[in-house]
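**Student:** Please find the sequence and the predicted model below.
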Amino acid sequence: MRCTTCGQDLPEQATTCPHCGRASEVSTQQPMPSPWAQPGNPGTVPSVPATSGYGGPQEYRATHVPSPPMGPDFVIPPPPRKRRGLVGALIGAVSILLLGGGVAVAGGYLGWYDGGGKHPYDVMPAATAAYLQLDLNPSLAQKVSTWQFFSDVPDVKDALAQGQPDPKRLLWRWFTSNWESAAGSDYDRDVKPWLGDRVGFGVMRNGDRTAWMTAIQVTDEAKGVDQLRTWISASQQAYDVTARDGYALITMTPDTSSVLVELERGSLGEGGTFASDLASLGDPGVLAGWSDLGTAPRAFSPGGGDQDLQGRVAFALRFTADAMSLDGKVIGSNVANGTGSVGAGELGNLPATTGAAIGVSGGAATLKLTWPHLGSEAGSWAAQAGLEQADVEALLGRQLSVGIPAAVLSGSSDDPAFGLRVVSDDVLRAQRTLRAVSSTFFQADVVVDAVDGEVLTAATTRGYFEELRSAGSAKLSGSEVFTKAVPDHARATSAFFLDLRLAVRDGAGVPEEYRPFFTALRGLGGEYLDEGSGNASWSVRVVRA
């Protein structure tokens, strides 16, 4: 017996539904089957048609639930069933407007796939030292944002105009233009029937060799492996193709046996630091990667890298409608900054007329840690200007910012102007050091400098100097482009910013069809945040209109 309001099972003789609280007008009829159920197998979710551009229902649902507060026991409650029809209709309508997805979008709210299944890292050995993956069927939020960000790139614009775009078709055009052996193939006939959404690249050490691995997801193993072998045979290169768990694993022939033996011992995705490091990123976006800092250099070269280097790095390329962001983490490193410094040299306090800037926080403290490792060249450079380690520490200070006026980047000024602000514990020593450096290496004195409390301000032009020193002048922190490009500059250990409106202001030198995209670019920013205990996070971001 079921409640006609919410559809839940009811105890016999119930007069009120314990789930929704409504008085029972109960029915013994079974609910209508889901339109996503396969005939003869009720409740299962079939593969989504390739034209939909989505993966499945759980993925869609996951992108439409607010991020839960941290905690292992937190559970997301289901939406009230009595509002399901309205919410589903609204989501479907908005999604159709955004994507042109039609019926597939409406069905998405009913419970799609979870973006799960096998990943490229599941068919690569645990001995893999560095890994990169491309996912052409990411979360719905990433999918929408990626198309929006590139919406005025000619190929993407044409694909959007024709309906639901197929990213694999777009990439195929590029691929065939760079691989002669596949140039004569037809995408719809030779590729689309078997090509999946994910591809991964890995590297490991095989004796005295660097073993490269490529894992391509295939929806039809026989067709995919056969076609790849045909192309490889035509290229007359020594590669093997091995079918494994829905993937075609491509390896160089001398490495195939070692790779498969290592894979039998365990895959990269089976627990360990890789799984937790990748999970720490959150949404892996359309591109993600990972590397073991201790083993990766030796995977590329037998004696490569610092033998004492420890830690890992993980990163993901993600999109919003107006930003492309490469976000990463450093985990368990023995060379992370460790000073706990923040503020990125007060980058936001530079004048709003600044077109490019870089800021460093905790430079003096970092130099104390790294000076013994810099070698004789650093000592020689300092000695050339008659400087000691303490002089350089004073100039780096607690916070250092260097800026270049926008007029210089735009070409409206021929003066090679730049300026800096230093917050130092020994500001007078910092001033003497700056003057020694400028006279020794630039054969000229800085045009003007001044000390105000703990702050040293200097510039090569009087105008920029006055802007740097003035508390009343407009600041970079008041610029929307700057705050979008470097949103965590106030907490960052180091950061940089470039106003792209100046670099691509009229699209000169860019093919005409690509000018709308390039002239829409606004800013480029990057930041590094020391989180202590050998951990850090970083981000490089491109902002567009």
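**Tutor:** On my side now, so go ahead.

**Student:** Kindly export stretch 222-234 (C-alpha atoms) in PDB.
**Tutor:** The C-alpha trace of stretch 222-234 is given here as PDB (Å, rounded to 0.1, in the frame of the first residue of the first chain):
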ATOM      1  CA  ALA A 222      37.400  -5.000 -29.600                       C
ATOM      2  CA  LYS A 223      36.700  -2.100 -32.000                       C
ATOM      3  CA  GLY A 224      38.900   0.300 -30.100                       C
ATOM      4  CA  VAL A 225      41.900  -1.900 -29.700                       C
ATOM      5  CA  ASP A 226      41.700  -3.000 -33.300                       C
ATOM      6  CA  GLN A 227      41.500   0.600 -34.600                       C
ATOM      7  CA  LEU A 228      44.400   1.700 -32.400                       C
ATOM      8  CA  ARG A 229      46.600  -1.200 -33.500                       C
ATOM      9  CA  THR A 230      45.800  -0.300 -37.100                       C
ATOM     10  CA  TRP A 231      47.000   3.300 -36.700                       C
ATOM     11  CA  ILE A 232      50.100   2.200 -34.700                       C
ATOM     12  CA  SER A 233      51.000  -0.400 -37.400                       C
ATOM     13  CA  ALA A 234      50.700   2.300 -40.100                       C
END
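
**Student:** List of residues touching that stretch?
**Tutor:** 179, 181-182, 185, 190-191, 193-195, 216, 218, 239, 241, 243, 248, 250 (Cβ atoms under 8 Å, 6 or more residues apart in numbering). For every residue, glycine as well, the C-beta is placed using N, CA and C.

**Student:** Centre of the chain to that stretch, how far?
**Tutor:** In this view, stretch 222-234 has its centroid 32 Å away from the chain centroid, taken as Cα atoms, centre = their mean, to the nearest Å.

**Student:** Counting neighbours, show which residues of that stretch come out buried.
**Tutor:** By neighbour count on 16 or more other Cβ atoms under 10 Å, the buried set for stretch 222-234 is 224-225, 227-228, 231-232.

**Student:** Averaged pLDDT, that stretch. What do you get?
**Tutor:** Stretch 222-234 comes out with an average pLDDT of 93.

**Student:** With stretch 433-451 instead?
**Tutor:** Mean per-residue pLDDT for stretch 433-451: 80.

**Student:** Was I right to think Ile404 contacts Ser410?
**Tutor:** No. The criterion here is Cβ atoms under 8 Å, and Ile404 misses it with Ser410 at 10.8 Å.

**Student:** hmm, back to that, now flag whichever of the contacts of stretch 222-234 is closest to Thr353.
**Tutor:** Trp179 (47.7 Å; Cβ to Cβ).

**Student:** list the contacts for the closest one?
**Tutor:** Contacts of Trp179 (Cβ under 8 Å, 6+ apart): 231, 235.

**Student:** Could you list the low-pLDDT ranges of the stretch 301-450 of the chain?
**Tutor:** The stretch 301-450 of the chain contains residues with pLDDT under 70 at 303-307, 335-345, 372-373, 375-379, 412-416, 442-446.

**Student:** no no, the stretch 151-300 of the chain
**Tutor:** In the stretch 151-300 of the chain, residues with pLDDT under 70: 164, 178.

**Student:** Secondary structure class of the spatially most central residue of the chain, three-state.
**Tutor:** Residue closest to the average C-alpha location in the chain (Cα atoms, centre = their mean): Leu317, at 2.2 Å. Look at Leu317: counting by DSSP: H, G, I helix; E, B strand; the rest coil, its state is strand.

**Student:** Surely it touches Gly285?
**Tutor:** Yes. Taking Cβ under 8 Å as the definition, Leu317 is a contact partner of Gly285 at 5.1 Å.

**Student:** one step back: quick check: neighbours shared by Ile404 and Ser410?
**Tutor:** Gly355.

**Student:** When the two are compared, which one has more neighbours?
**Tutor:** Per other Cβ atoms under 10 Å, whichever of Ile404 and Ser410 has more neighbours is Ile404, with 21 against 14.

**Student:** Skipping adjacent residues, who's closest to the more buried one in space?
**Tutor:** Ala356 (4.5 Å; Cβ to Cβ, 6 or more residues apart in numbering).

**Student:** ok, now which ones touch the one you found?
**Tutor:** 403-404, 409, 496-499.

**Student:** again, only this time at 7 Å
**Tutor:** Going by Cβ atoms under 7 Å, 6 or more residues apart in numbering, Ala356 touches 404, 409, 497-499.

**Student:** For Thr370, state which of those is nearest.
**Tutor:** Closest to Thr370, out of all of the contacts of Ala356 and judged by Cβ to Cβ, is Phe497, at 24.5 Å.

**Student:** For the helix or strand that contains the closest one, name the packing helices and strands.
**Tutor:** Of the helices and strands defined by DSSP states H and E, Phe497 is found in strand 494-499. Secondary-structure packing of strand 494-499 (3 or more Cβ pairs under 7 Å, 6 or more residues apart in numbering; DSSP states H and E): strand 354-361, helix 480-485, strand 521-532.

**Student:** Show residues contacting the second one.
**Tutor:** Pointing back at helix 480-485 there. Contact with helix 480-485 is made by 323, 476-477, 497, 499, 522-525, 541, 543, as judged by Cβ under 7 Å, 6+ apart.

**Student:** Recalculate using a threshold of 10 Å.
**Tutor:** By Cβ atoms under 10 Å, 6 or more residues apart in numbering, the residues outside helix 480-485 that reach it are 320, 322-323, 325, 347-348, 350, 352, 354, 357, 475-477, 479, 489-490, 495-501, 521-527, 539-545.
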